[in-house]
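Student: Kindly generate the corresponding structure for this input.
(2 chains, ligands or ions: 2)
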Amino acid sequence: MAASAQPKQDLSNAPSVITLKAVNKWYGQFHVLSDINLDVKQGERIVICGPSGSGKSTLIRCINRLEEHQQGDITVHGVTLSNDVKNIEAIRREVGMVFQSFNLFPHLTILDNLTLAPIWVKKMPKKDAEEIAMSLLKRVRIPEQANKYPGQLSGGQQQRVAIARALAMRPKIMLFDEPTSALDPEMVKEVLDVMIELAREGMTMLCVTHEMGFARAVADRVIFMDRGEIVEQDEPEEFFAHPKNERTKTFLGQILHH
Amino acid sequence: MTDVMPAGERRQLAPPTVETGVFGWMRKNLFSSWGNGITTIVLIVVVAWILSNFLHWALFTATFDAKSGAECRGHGACWALIREKYRYIFFGSFPYEQHWRPLFAVIAMLAMLILSSDRRMWNKRLIAIWGIGSFITFLLMFGEISISISLILFMALAVGGLGMILRGSIAPPAELNGWRALAGIGAVGLVLRMVGVLPAWGLAIAPFSYVETGLWGGIPVTMILATYGLLFAFPFGILLALGRRSNLPLIKGLCVGFIELIRGVPLISLLIMASVMLPLFLPSGMNIDKFLRAQVAVILFAGAYIAEIIRGGLQSLPKGQFEAADAVGLNYVQKTTLIILPQALRVVIPPLINTFIGFFKDTSLVLIIGIFDFLNTANQALVDPNWAGFPGEVYLFAAFVYFCFCYSMSRYSKYLEIELNKGTRR
Ligand SMILES: Nc1ncnc2c1ncn2[C@@H]1O[C@H](COP(=O)(O)OP(=O)(O)O)[C@@H](O)[C@H]1O
Ligand SMILES: [Mg+2]
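Tutor: Ligands and ions are numbered 1, 2, ... in the order given. Next comes the predicted model:
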């Protein structure tokens, strides 16, 4: 396989935008995240992979407080997560999220799905919000669907709308939780293309995915998780060519050879 | 065997002949087999027999004009009784020469209901319609309404406070300051009034003679109890349902306790408690109008039932909807009013309207505490010794009127289900 060997971008001087320090989380007795330390630079693109149930979703959902961690510190853009609703809301304004199952609001049109948060959370005038929404729909290549409802769109189109909905808040960071796993194979590419474009524009991204082609193309770093731990992390070329940990090798063997 | 059928043979495989027209439909649906045919015929005979007997009684031998019940005896239905008593049945003991007032009050309420049933009217105009319509309704019923300065101040506080809560997270600062000012004036005014700085000034609007609630009866009473009962029970039920799902143990406990308590007792006992026991808890001399007490009992009772229905709707929503609303940064109130409730309410429209229909009829239980709603005035019409012995006619008439109301509601529920699902259908 041919791959460019040099890093995709120099991040050594970039400031950190997400910092996790010794983060632990349990579901009852089950230790779902153990001692997670992670530092994400501005503009960095991270792909997280690992077997099902290893805690990948839980990890990124802790960053915007969809899940609550019990130990350690999570700091996003200088704001440290706590039970203070103001902190949580401040972080959610900066962090966009895309779910595996799209989670569009089915009772609202596509346009309203996109303008809702800017209007209500950012108090943006409706006209401005609609202008931004239309330009985002053009960017994800479905402006003609603006007045339809989510149920009338294909899976791939819905996921692109979901990306646009998150972008409508002008987030500084985007979280993706297996955005292509629920899609039929022929629709995966249209969603990945949008994500690659976003990565090229310099968005800070944390993406849980098993699309290794995507990881090779855009990731600055690939993180492998297993049983609630970060087992290994490296630049994609190194990560795929010379995995060091046995568990990583087994995992890569399973997903790359079938 | 050939792969391709010759063209000539293919033509014979026309679609099966469809039987059209009335006879085709009958043969297919009513006489498709011997057993089916016999059942059809027997049923037709039975229905025809019942119908002919009914028409014989209700129409062909009926008395439409009579001075008293005696003239009806020996004939069919005594519709003369309805003709004689219909004004009492419709309006109860409301002063006879003033019956136009409850009549117009009923028309005003029907107009409000019909206007609000159209989905295109679901906006701010609706608040104005209900404000003005309710004012007209109660002005007609009472004959006079006195507005005290305390009431005006209280309304200013309530409206201002509501504006601050509902518009708080979206309104431009200027508008928000308006709500704050309104609430502030109300609050300060109320305090000044209480310490006696402001006089007990009041404005009485009294175009007609005063009629106390004890004289109200019939259709307006049924409509007021049901309409305003459900109007207030609906938001109350929503709050109870949301409270029941709250993370705060105190709020959750209160809501669960209230719902289970109310659902555990019959409406009758709640009404009796409202009429007999409530006065025991009030300071002596303080008296709450009997009608108002019944109205409050209906609101509490209906609220608990509506809450449980709405909770079902809330539970039917996928978790992802809550998470997506959180993730885009909506706060609790925004998430609930913009994402969760619109979807949850859509799901529960049929059971909700079913409950509305039930409560429209259940208001008759207020008889227990001496209020005469429509069924009870109908009942009362039977007491007249001059017209004794024709309960069937009166109840049939009452049933017909109830049916008109309930059937319209049921049709409306169908319409609403289709209307709200437009476009969102998968
Ligand atoms: N709400 C929950 N309660 C209890 N266990 C949970 C809950 N959510 C997830 N888990 C468990 O935590 C583990 C990690 O879940 P998740 O982060 O979704 O894994 P991944 O996304 O890597 O597949 C799984 O074993 C899952 O069963
Ligand atoms: Mg997952």
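
Student: Spell out which residues of chain A are next to chain B.
Tutor: Contact residues (Cβ under 8 Å from any Cβ of the partner chain) of chain A with chain B: A:64-66, A:85, A:89, A:92-93, A:95-97, A:99, A:101, A:103-107, A:109, A:116-117, A:119-121, A:123, A:148-149, A:151-152, A:165-166, A:169. Placement of C-beta: from N, CA and C, glycine included.

Student: Mind doing that once more with 7 Å?
Tutor: Chain A comes close to chain B at residues A:64, A:66, A:89, A:92-93, A:97, A:99, A:101, A:103, A:105-107, A:116-117, A:120-121, A:123, A:149, A:151, A:165, A:169, as judged by Cβ under 7 Å from any Cβ of the partner chain.

Student: filter those by proximity to ligand 1?
Tutor: For ligand 1, no contacts are drawn from those by Cβ under 6 Å from any ligand atom.

Student: Filter these down to the buried ones.
Tutor: A:64, A:66, A:89, A:92-93, A:97, A:99, A:101, A:103, A:105-107, A:116-117, A:120-121, A:149, A:165, A:169 (16 or more other Cβ atoms under 10 Å in any protein chain shown).

Student: So which of these are in helices?
Tutor: Members of these lying in helices (criterion: DSSP state H): A:Glu89, A:Arg92, A:Arg93, A:Leu116, A:Ala117, A:Trp120, A:Arg165.

Student: Can you check the pLDDT for the third one?
Tutor: So that's A:Arg93. On the pLDDT scale, A:Arg93 is placed at 93.

Student: Kindly report the same for the fifth one.
Tutor: pLDDT, A:Ala117: 95.

Student: quick revisit: and of the ones in helices among the buried ones among the residues of chain A next to chain B, the nearest to ligand 1?
Tutor: Ligand 1 lies nearest to A:Arg92 out of these, by Cβ to the nearest ligand atom, at 19.2 Å.

Student: hang on, that closest one packs against A:Asn64?
Tutor: Yes - between A:Arg92 and A:Asn64 there is a contact at 5.4 Å, judged by Cβ atoms under 7 Å.

Student: Now the common contact residues for those two.
Tutor: Residues within reach of A:Arg92 and of A:Asn64 at once, by Cβ atoms under 7 Å, 6 or more residues apart in numbering or on different chains, are B:Ala327.

Student: Does the helix or strand containing B:Phe322 reach chain A?
Tutor: Using DSSP states H and E, B:Phe322 sits within helix B:319-327. Yes - using Cβ under 7 Å from any Cβ, helix B:319-327 comes into contact with chain A via B:Gly320, B:Gln321, B:Glu323, B:Ala324, B:Asp326, B:Ala327.

Student: Check which residues of that helix are buried.
Tutor: Buried-residue list, helix B:319-327, by 16+ other Cβ under 10 Å: B:Gln321, B:Phe322, B:Glu323, B:Ala324, B:Ala325, B:Asp326, B:Ala327.

Student: Same check on stretch A:25-37?
Tutor: By neighbour count with 16+ other Cβ under 10 Å, stretch A:25-37 contains the buried residues A:Lys25, A:Val32, A:Leu33, A:Ser34, A:Ile36.

Student: In strands only, show me those residues.
Tutor: Secondary structure from DSSP state E places A:Lys25, A:Val32, A:Leu33, A:Ser34, A:Ile36 of the buried residues of stretch A:25-37 in strands.

Student: The last one touches A:Leu20, doesn't it?
Tutor: Yes - with contacts counted by Cβ under 7 Å, A:Ile36 reaches A:Leu20, the gap being 5.3 Å.

Student: re earlier: between all of the buried residues of stretch A:25-37, which two are separated the most?
Tutor: Spanning the widest gap among those are A:Val32 and A:Ile36, at 10.2 Å by Cβ to Cβ.

Student: ok now do B:Gly217, which residues does it touch?
Tutor: With contact set as Cβ under 7 Å, 6+ apart, B:Gly217 has these partners: B:Phe91, B:Gly92, B:Ser93, B:Phe94, B:Phe372, B:Thr377.

Student: and of those, the nearest to ligand 1?
Tutor: Closest approach to ligand 1 among the contacts of B:Gly217 (Cβ to the nearest ligand atom): B:Phe372, at 55.9 Å.

Student: Can you tell me how far that closest one is from B:Tyr86?
Tutor: Per Cβ to Cβ, to the nearest Å, B:Phe372 is found 15 Å from B:Tyr86.

Student: So which of these two has more stuff around it?
Tutor: B:Phe372 (24 against 16; other Cβ atoms under 10 Å in any protein chain shown).

Student: beta partners for the more buried one?
Tutor: Per DSSP bridges, the residues bridged to B:Phe372 are B:Gly217.

Student: my guess is it meets B:Thr222, correct?
Tutor: No - using Cβ under 7 Å, B:Phe372 is not in contact with B:Thr222; the gap is 9.6 Å.

Student: What score does the residue of chain B found nearest ligand 1 have for pLDDT?
Tutor: Taking Cβ to the nearest ligand atom, ligand 1 has its nearest neighbour within chain B at B:Lys319, 9.5 Å off. Per-residue pLDDT puts B:Lys319 at 95.

Student: and if you look at B:Arg425?
Tutor: 49.

Student: Just give me the neighbour total for the closest residue in space to B:Gly143 that isn't next to it in sequence.
Tutor: Leaving out its chain neighbours, the residue that sits closest to B:Gly143 by Cβ to Cβ, 6 or more residues apart in numbering or on different chains is B:Phe208, at 3.7 Å. By the measure other Cβ under 10 Å, the count of residues near B:Phe208 is 14.

Student: do B:Leu203 as well
Tutor: The number of residues packed around B:Leu203, counting by other Cβ under 10 Å, is 11.

Student: name the element it belongs to?
Tutor: Per DSSP H and E: B:Leu203 is located in strand B:202-205.

Student: who does that strand pair up with?
Tutor: strand B:145-148 (antiparallel).

Student: residues making contact with the partner strand?
Tutor: In contact with strand B:145-148 (Cβ under 7 Å, 6+ apart) are residues B:Phe138, B:Leu139, B:Ala200, B:Gly202, B:Leu203, B:Ala204, B:Ile205.

Student: May I have the residues that are in contact with the second one?
Tutor: Think B:Leu139. Contacts of B:Leu139 (Cβ under 7 Å, 6+ apart): B:Ile145, B:Ile205.

Student: quick one: what helix or strand has it in it?
Tutor: Assigned by DSSP H and E, B:Leu139 belongs to helix B:124-142.

Student: average pLDDT for that helix?
Tutor: 92.

Student: With chain A in mind, check whether the helix or strand containing B:Tyr407 reaches it.
Tutor: In this structure, B:Tyr407 sits in helix B:391-421 according to DSSP H and E. No - interface with chain A: helix B:391-421 contributes nothing (Cβ under 7 Å from any Cβ), its closest point being 8.4 Å away.

Student: If you count neighbours, what's buried in the helix ranked longest in chain A?
Tutor: Taking DSSP H as the criterion, chain A has its longest helix at helix A:185-200. Neighbour-count burial for helix A:185-200 flags A:Met187, A:Val188, A:Glu190, A:Val191, A:Leu192, A:Val194, A:Met195, A:Ile196, A:Leu198, A:Ala199 (criterion: 16+ other Cβ under 10 Å).
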